[in-house]
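Student: the following comprises the amino acid sequence and a computationally predicted model.
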Amino acid sequence: MHSLAERVLSLIRRQELLKAGDRVGVAVSGGIDSVALLRLLLELRHELGIVLSVAHFNHKLRGRESHSDQEFVADLAGESDLELHLDGEDVAVRAKEEHISVETAARELRYGFFRHLLGEEGTAGLQGLEPDPLMAPDGTPEAVPFHEPHSLRSASQGLQQPTSIHLTKIVTGHTLDDQAETVLMRMIRGAGLRGLGAIHPRIPVEDKDGEICGEIVRPLLGIRRRELEQYLKDIGQPWREDSTNADERFTRNRVRKLVVPLLEQEFNPAVAESLAELAEIARGEEDYWENEISGWLGTTVHWSQPDWARAVSRETSLVQIAPLGNQASDSAKESALRVKIDNAPWLVMNASVSRMWFLGEPVAVQRRLVKAIGEHAGIPLEFKHVEEILRVAGEDDASSKELSLPLGWKLLREPERLIFVTPDLREPVPARDYDYPIPVPGRVPVYEAGSSVELRRVPADEQPGYNPDHLLDAESLPGPLRVRNWRPGDRFWPAHTKSPKKIKELLQGHHVAQQAERRSWPVVVSGDEIVWLRGFPTSARLRAKPGRAAILIVDEPLPNPPAAED
């Protein structure tokens, strides 16, 4: 047995990632990491008592190259006499249709394929697959967004198609390098302990009924990529090189090729190992806090239905009798309100906590409790919101005070209590103005618009790979950039139009009908000039020029929970 296989066996056993009898699908793309993972598990399968198969998802991003990757993986499975599960979809088309990044679309489709292999019996179709987030039993925050694969086929190297697909584990080739890169990316973008936990060794997968149907595990998180490369050379196993891994338009590639080597050369040769250790420490700390939080939410925090919602509560057994002339009208209003409550993206419950107890706890506990209430209730609280809540809670002024929070929530500070007040769905929540600075490169979550806005630098020689309507000339931008909602009187001049127009008219022509959605529509402002409007080509005056660096503005929907990057 190769020495690296012995190390991997030890890691698997120590963390109990695989057990005898597991039906394991190895996610193989054709690259170094996944091919090495397959070969290592082939060495270890009898020792572990597992049944192996191969899973490959074709993203169709690189034309013939993607097809060749699929053929390579199919040959690899055939050489080892392993069942092969194949699926694929045009990721670029999906990304365009859903207005998300190619990386996000690829990940959602790939993990949707994995979920199907873990949780769906039979090959009749994929009904019932929903993009449910996953939470580990110990409360770790990693989640995998799942979307239905467009198509699925399972082949067994020319044999009859199997009648069922039901694996118990999917293993992926995430390495220590991937872990270190993810920690760095989270630190750069801003993260607490939860984010620094980065890639988790295991994620349980739930089926449509909420039952655990399998796991996605990462047995190589303690192994460097260079060790895997040397292992493949030792055993004479070729692999495929993915050309997109050299594309520095992707943040991870820039971190991998620029940031990590710089840190290793100038500061710490073992920086990758140190970052991976930090992730492991953060996960352990987070596990502890999650256990504490679950106790607080059940005892310290008191949940109550607001008075305005109680009248239409499904639990009520009271029959309210309205005056004769208003029965039909009141019934219609009540039904409409019930629909609003049922469809509210947050929990229609107030949360209260003793102010004296709260202020008597360390600031770490205060922050955790506020964040936990926000997550449980569906309030998207950033660090700045949490700190403002702590400031208001701790003021000596004995009078009551109200603080506005995202999505129409409010914090009511009373002398004895802190109350998180759910939005009143009887009245429309007025849209509020927002204005956030945004660096280049950089990303800003815009909860008011339900998206994140990211600015990326595009070198001059890479411009031909982008739609020119999405690029701004980096040198021509007149001042610091900000993202905000448009205001009455704002004008914008999209490329391919004759003159500037009022944004209100542009949005009406774009069929943005709902007042609240239209009011929160984001723009990017440079100095006093609007240079970008969601859904439109970039500014006609500031379009990117050949031979000069450009800026790409990417607008993506905000995910519900934080997700591990890969």
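Tutor: Received, thanks.
Student: helices of the stretch 101-250 of the chain, residue ranges please.
Tutor: Remark: helices assigned in the stretch 101-250 of the chain by DSSP state H, counting those that start in this stretch are 102-119, 176-189, 193-196, 225-235.
Student: okay, those, which one's buried deepest?
Tutor: For those, the largest average neighbour count (mean count of other C-beta atoms under 10 Å) is found in helix 102-119, namely a mean of 24. Every C-beta, even on glycine, is put in place using the N, C-alpha and C of the backbone.
Student: from the chain's centre, how far out does it sit?
Tutor: Distance, stretch centre to chain centre, for helix 102-119: 13 Å (C-alpha atoms, centre = their mean, to the nearest Å).
Student: and the helices of the stretch 101-250 of the chain: which comes nearest S354?
Tutor: helix 193-196 (25.5 Å; C-beta to C-beta).
Student: residues in contact with the closest one?
Tutor: By C-beta atoms under 8 Å, 6 or more residues apart in numbering, the surrounding residues in contact with helix 193-196 are 141, 183, 186-187, 278-279, 282, 285-286, 289, 562.
Student: ok, back up a step: dump the helices of the stretch 101-250 of the chain into CSV; add distance to L11 as well.
Tutor: Formatted as CSV, the helices of the stretch 101-250 of the chain follow (distance: least, C-beta to C-beta, whole Å):
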stretch, distance to L11
helix 102-119, 21
helix 176-189, 11
helix 193-196, 21
helix 225-235, 12
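Student: turn the ones you listed into CSV, columns for mean pLDDT.
Tutor: Putting these into CSV (pLDDT from 0 to 100) gives the following:
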stretch, mean pLDDT
helix 102-119, 86
helix 176-189, 92
helix 193-196, 88
helix 225-235, 96
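Student: G374: which of those is closest?
Tutor: Nearest to G374, of all the helices of the stretch 101-250 of the chain, is helix 193-196, at 12.8 Å by C-beta to C-beta.
Student: what's the burial count for the residue nearest to V458 when sequence neighbours are not counted?
Tutor: Excluding the flanking residues, the one nearest V458 by C-beta to C-beta, 6 or more residues apart in numbering is A550, at 4.4 Å. For A550, the neighbour count with other C-beta atoms under 10 Å is 25.
Student: what's the answer for the one 5 residues further on, then?
Tutor: Taking other C-beta under 10 Å as the criterion, the count of residues near D555 is 19.
Student: contact partners of the helix or strand hosting it?
Tutor: Per DSSP states H and E: D555 is located in strand 550-557. Identification of contacts with strand 550-557 by C-beta under 8 Å, 6+ apart yields 98-101, 104, 440, 450-458, 460, 463, 466, 470-474, 477, 522, 524, 532, 534, 538, 544.
Student: re earlier: how about the helices of the stretch 101-250 of the chain, which one is nearest L4?
Tutor: helix 225-235 (4.8 Å).
Student: on that earlier part again, any of the contacts of strand 550-557 buried? List them.
Tutor: Buried residues within these, counting neighbours by 16 or more other C-beta atoms under 10 Å: 100-101, 104, 451-456, 458, 463, 470-474, 477, 522, 524, 532, 534, 538, 544.
Student: which ones among these map onto strands?
Tutor: Mapping the buried ones among the contacts of strand 550-557 onto strands (DSSP state E) picks out 451-456, 458, 471-473, 522, 524, 532.
Student: pipe those into a markdown table and attach pLDDT and distance to F383 per row.
Tutor: Formatted as a markdown table, these follow (pLDDT from 0 to 100; distance: C-beta to C-beta, whole Å):
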| residue | pLDDT | distance to F383 |
| --- | --- | --- |
| S451 | 82 | 19 |
| S452 | 84 | 15 |
| V453 | 88 | 18 |
| E454 | 88 | 19 |
| L455 | 87 | 21 |
| R456 | 86 | 24 |
| V458 | 84 | 30 |
| L471 | 86 | 32 |
| L472 | 86 | 29 |
| D473 | 85 | 33 |
| P522 | 89 | 21 |
| V524 | 91 | 23 |
| W532 | 89 | 26 |
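Student: closest to T299 out of the residues you listed?
Tutor: S452 (35.0 Å).
Student: show me where pLDDT drops low in the stretch 301-450 of the chain?
Tutor: 311-337, 340, 343-345, 398, 427-431 (pLDDT under 70).
Student: can we see that at 90?
Tutor: 304-349, 376-384, 395-402, 404-409, 423-450 (pLDDT under 90).
Student: can you pull out the strands in it?
Tutor: Applying DSSP state E, counting those that start in this stretch to the stretch 301-450 of the chain gives strands spanning 302-304, 350-354, 401-404, 410-413, 417-421, 435-437, 442-446.
Student: adding mean neighbour count, write the ones you listed out as a markdown table.
Tutor: Formatted as a markdown table, the strands of the stretch 301-450 of the chain follow (neighbours: other C-beta atoms under 10 Å):
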| stretch | mean neighbour count |
| --- | --- |
| strand 302-304 | 13 |
| strand 350-354 | 19 |
| strand 401-404 | 13 |
| strand 410-413 | 18 |
| strand 417-421 | 20 |
| strand 435-437 | 12 |
| strand 442-446 | 18 |
